[in-house]
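Asker: Below are the sequence and a predicted model for it; my questions follow.
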Amino acid sequence: QVQLVESGGGLVVAGGSLRLSCAASGRTFSSYAVGWFRQAPGKEREFQSRISSSGRTTYYADSVKGRFTISRDNAKNTVYLQMNELKPEDTAVYYCAVSSQYSSSTYRFPVGYDYWGQGTQVTVSS
């Protein structure tokens, strides 16, 4: 089993930046792909980004392409989400999750992930 802890959330003014971290413990972290999702009140959990186990392949939701960058440091068992040009509509709880397999039909959905963190709140004021 993998334990995940997100950090780095907070309150930021529109146009600002935050860097989220997802720290993992437990089984070999470097063997998992990692995804970031977010969930705003009353909405479904929404895919943001994913990075392969090696870090060589990344995916982004259209809404964050060019603004968010995912990266990982396997030596530190940590994945990062650098979020720039934040907008009020980016306000949500952000979750990281790990995936042991890849499927083109599920990697953008929560069902494609095995373990989840507790989330970190990001609030963007206008």
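Answerer: Looks like it came in fine.
Asker: List the contacts of the residue nearest the centre of the chain.
Answerer: For the chain, the residue nearest the mean C-alpha position is Trp36 (2.0 Å; Cα atoms, centre = their mean). By Cβ atoms under 8 Å, 6 or more residues apart in numbering, the contact set of Trp36 is 20, 22, 47-50, 70, 79, 81, 94-97. All C-beta atoms are positioned from the backbone trio N, CA, C, and that covers glycine.
Asker: Which residues does Val93 form beta bridges with?
Answerer: Gln39, Gln121 (DSSP bridges).
Asker: nope, Thr78 is what I was after
Answerer: In this entry, Thr78 is beta-bridged to Ala23, Asp73, by DSSP bridges.
Asker: burial measure for Gln48, as a count.
Answerer: Neighbour count of Gln48, defined by other Cβ atoms under 10 Å: 25.
Asker: wait, what's in contact with it?
Answerer: Here Gln48 is in contact with 35-38, 60-61, 64, 68, 81, 94 (criterion: Cβ under 8 Å, 6+ apart).
Asker: Max pairwise distance over those residues: which two?
Answerer: Tyr60 and Tyr94 (14.2 Å; Cβ to Cβ).
Asker: next one: phi and psi at Leu11?
Answerer: Main-chain torsions, Leu11, degrees, to the nearest 10: phi -100, psi 130.
Asker: any idea how far it lies from Leu20?
Answerer: Leu11 sits 14 Å away from Leu20, going by Cβ to Cβ, to the nearest Å.
Asker: higher neighbour count, those two?
Answerer: Each of Leu11 and Leu20 has its neighbours counted (other Cβ under 10 Å); Leu20 has more, 24 against 12.
Asker: Now the more buried one: which helix or strand?
Answerer: In the assignment (DSSP states H and E), Leu20 maps to strand 18-26.
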